[in-house]
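In: Predicted structure and sequence below. I'll ask about it afterward.
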Amino acid sequence: MRVIVVGGGVVGTMHAWQAVQRGHEVVQIEREAEARGASLRNFGQIWVSGRAGGEELDTALRARELWERIGAEVPGLGFRANGSLTPVRTDREYAVAEAALARPDAAARGYKLVTAEEARQINPALRGAFEAALWCERDAAVEPRTAQLHLREALRATGRYRFLPGREVREVTGPGSVRDDHGDVHRGDAVVLATGAWLSGLVRELVPDLPVRRVRLQMMQTAPLGERLTTSVADADSFRYYPAYKSPALDALNAGQDQAPVAAAHKMQLLMVQRQDGGLTIGDTHEYEHPFAFDTLEDPYEHLTGVVEGFLGRPLPRIQRRWAGVYAQCTDTTRVVHRQQVADGVWLVTGPGGRGMTCSPAIAETTANELGW
């Protein structure tokens, strides 16, 4: 079987991985020289802790298992089972963390409510002021800026994989067949369009009313911290953002404890993970209204710096990079991904939103199973 994958991001590359692992030949086409979208501009977190129950959690847990397995085969991914800590500072925040432990799926997520002293034993870099922390053992991380490069290197070694950059697919020419902007036709038994937030061009022609929206976020990365941040770190604003924390306790938090004005205005939470070079990736904001601004704003970065310094109990290292990214999210946010046959032998897979990095291996596995690869 020959599979054509359109899109060089993590969702497309994981589809290529699934096909090659099952003995098939793959051609992967990317319109840029390298993927430049949300697959690189993210935290690299395999984030189980905040996922909604049911299908979303099942997908995240399966993806976590697959990431670990693939990470053993491809060490360059930098997979590490680092877990996460969400420090809490108020009684209302503590109550939300406590309610999370009462979920029937709390054990599957690896939830545990720990004291501040216990949290510092898990992550000694957290020397700041907080009362307790929600520990999620199942969270993990990889290196987003290089993951696709290492996956492609492993795919090439099989002899059944080709990567064609700098080509935009313009037309479906027949069953399992597409034409790119070089005029070349690529024929296979199946085509998977994993185009991420690129929802114009061919995607719009095939699905004019696609139930997917684009979301813009801001992030930053620091110089090396000079010590290990042994876990990922979130703040209590993440309780407001992730569906796993919905509870009467969260309703009380939202009603009785306002976000900081900047955080509320930019729909913010803190997520932080350490890169292999020692730097910290920190974010993020959420912007939904089109057209998106072309520039980044400084107030959110200042807010995040203050939150991080409060947890670390020390000044943040120098900021080396700031960026904005855009990802595609299903308008029905309870859906893990939008998967649709859009032509004979052609499937569109898009819209995982902020779950893309986490869930991509399981999303691709489901596609492969449903298509009978």
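Out: Looks like it came in fine.
In: which residues in the stretch 51-200 of the chain form helices?
Out: 55-73, 91-101, 106-109, 116-122, 147-156 (DSSP state H, counting those that start in this stretch).
In: of all the ones you listed, which lies closest to residue 296?
Out: helix 147-156 (23.9 Å; C-beta to C-beta). Bear in mind the C-beta positions are built from the backbone N, C-alpha and C, glycine included.
In: The closest one versus helix 55-73: what angle between them?
Out: 60 degrees (axes from the mean of the first three to the mean of the last three C-alpha atoms, to 10 degrees).
In: Would you indicate which residues of helix 147-156 are buried?
Out: Buried residues in helix 147-156, defined by neighbour count with 16 or more other C-beta atoms under 10 Å: 147-148, 150-152, 154-155.
In: now do stretch 283-298
Out: For stretch 283-298, a neighbour-count test (16+ other C-beta under 10 Å) marks 283-287 as buried.
In: do stretch 102-118 as well
Out: Neighbour-count burial for stretch 102-118 flags 103, 105-106, 109-114, 116 (criterion: 16+ other C-beta under 10 Å).
In: Could you list the low-confidence segments of the stretch 251-373 of the chain?
Out: Across the stretch 251-373 of the chain, nothing is flagged by pLDDT under 70.
In: avg pLDDT for the helix or strand hosting residue 13?
Out: Secondary structure assigned from DSSP states H and E places residue 13 in helix 10-21. Averaged across helix 10-21, pLDDT comes to 98.
In: Indicate each strand paired with the following helix or strand past that helix and its parallel or antiparallel sense.
Out: Next in sequence after helix 10-21, counting helices and strands by DSSP H and E, comes strand 25-30. Here strand 25-30 has these sheet partners by DSSP bridges: strand 2-6 (parallel), strand 161-165 (parallel).
In: Now do strand 25-30 and helix 10-21, the angle between them.
Out: Angle, strand 25-30 to helix 10-21, by the same axes, to 10 degrees: 170 degrees.
In: Could you tell me how far strand 25-30 lies from the centre of the chain?
Out: The chain centroid and the centroid of strand 25-30 are separated by 22 Å, computed with C-alpha atoms, centre = their mean, to the nearest Å.
In: can you pull out the helices in the stretch 201-350 of the chain?
Out: Assigned by DSSP H, counting those that start in this stretch, the stretch 201-350 of the chain shows helices spanning 202-206, 237-241, 248-256, 261-265, 298-312.
In: Kindly export the second one (C-alpha atoms) in PDB.
Out: Pointing back at helix 237-241 there. Written as PDB, here are the backbone C-alpha positions of helix 237-241 (Å, rounded to 0.1, in the frame of the first residue of the first chain):
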ATOM      1  CA  ASP A 237      -5.600  29.600  35.900                       C
ATOM      2  CA  SER A 238      -5.100  26.300  34.000                       C
ATOM      3  CA  PHE A 239      -8.000  24.900  36.200                       C
ATOM      4  CA  ARG A 240     -10.200  27.400  34.400                       C
ATOM      5  CA  TYR A 241      -9.000  26.400  31.000                       C
END
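In: and it, what does it pack onto?
Out: With contacts taken as 3 or more C-beta pairs under 8 Å, 6 or more residues apart in numbering; DSSP states H and E, helix 237-241 sits against helix 91-101, helix 248-256.
In: And for the fourth one?
Out: Contact here means 3+ C-beta pairs under 8 Å, 6+ apart; on that basis helix 261-265 packs against helix 298-312.
In: quick one: contacts of the helix it packs on?
Out: 87, 125-130, 218, 220, 233, 235, 260, 262-263, 266, 268, 270, 272, 280, 282-283, 285, 315-316, 319, 322 (C-beta atoms under 8 Å, 6 or more residues apart in numbering).
In: rerun that using 6 Å as the cut-off
Out: Helix 298-312 is contacted by residues 87, 126, 128, 218, 220, 235, 262-263, 266, 270, 282, 285, 316 when judged by C-beta atoms under 6 Å, 6 or more residues apart in numbering.
In: where does residue 40 land on pLDDT?
Out: Note for residue 40: predicted pLDDT of 81.
In: Which residues are in contact with it?
Out: So residue 40 contacts 144-145 (C-beta under 6 Å, 6+ apart).
In: go on, residue 313?
Out: 127-128.
In: what about it, distance to residue 340?
Out: From residue 313 across to residue 340, the span is 49 Å (C-beta to C-beta, to the nearest Å).
In: now swap in residue 10 and tell me
Out: Using C-beta to C-beta, we find residue 10 at a distance of 20 Å from residue 340.
In: And these two? Which one has more around it.
Out: Shown here are residue 10 and residue 340; by other C-beta atoms under 10 Å, residue 10 has more neighbours (32 against 16).
In: list the contacts for the more buried one?
Out: 39, 357, 360.
In: again, but for residue 234
Out: Counting by C-beta under 6 Å, 6+ apart, residue 234 makes contact with 86, 270-271.
In: If we use 10 Å, what do you get?
Out: With contacts defined as C-beta atoms under 10 Å, 6 or more residues apart in numbering, residue 234 is in contact with 45, 47, 49-50, 84-87, 133-134, 136, 139, 241-242, 269-273, 311.
In: again, but for residue 186
Out: Contacts of residue 186 by C-beta under 10 Å, 6+ apart are 2, 4, 6, 27, 29, 162, 164, 167, 169, 173, 176-180.
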